[in-house]
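K.L.:
Give me coordinates for this.
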Amino acid sequence: MKKVIMAFALVLISALCFAGNQQTKTSKDSTNSGQVVVMDKNMFINDVFDFQNTPDWKYKGKLPAIIDLYADWCGPCRMVAPIMKELAKEYKDKITIYKVNVDKEKELAALFQATSIPLFVFIPMEGEPQLFKGAADKATYKKAIDEFLLKNK
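P.N.:
Below is the predicted model:
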């Protein structure tokens, strides 16, 4: 009986690990699928800005972007997460929304001097990124997207 339980547990754990890896790959491949994309350092260097090889900001993306620097333990970050998901769907094909866990990606957090979270980096197609500190309501983010990223007034 113990062998059956152990075998079942092993199969269950393997299935969960496989499902988790598939979900991560999907979110990384879908930079504009109307979803918030989990970003790590390598994705940042490839898709946003290669800070290791050049000191001058040059955005590599195809669409304006927002980077949400957050932590799982942060209450305001958890409150804003559903808003970012809604905005990713609403602005699909117009902007890309990324999220970076500052506890896992300390180098990216340091790059933007994220001393408090949530911290949002609004990246237009041309020009310097702008930082937005703290949580806000959906209307505030929409205004920033429309006026700063999309230049709609």
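K.L.:
first vs last residue of stretch 46-65, how far apart are they?
P.N.:
Chord length of stretch 46-65, first to last residue, is 14 Å (C-alpha to C-alpha, to the nearest Å).
K.L.:
what does that stretch contact?
P.N.:
Stretch 46-65 has contacts (C-beta atoms under 8 Å, 6 or more residues apart in numbering) with 31-32, 39, 45, 67, 93-98, 111, 121-126, 128-129, 145, 149-150. Using the backbone N, CA and C atoms, a C-beta is placed for each residue, glycine as well.
K.L.:
from the chain's centre, how far out does stretch 90-107 sit?
P.N.:
Relative to its parent chain, stretch 90-107 has a centroid offset of 2 Å by C-alpha atoms, centre = their mean, to the nearest Å.
K.L.:
Mind listing what's buried along it?
P.N.:
Y91, I95, T96, I97, Y98, K99, V100, N101, V102, E105 (16 or more other C-beta atoms under 10 Å).
K.L.:
From the residues you listed, pick the one nearest V80.
P.N.:
Distance to V80, by C-beta to C-beta, is smallest for K99 among the buried residues of stretch 90-107, at 9.9 Å.
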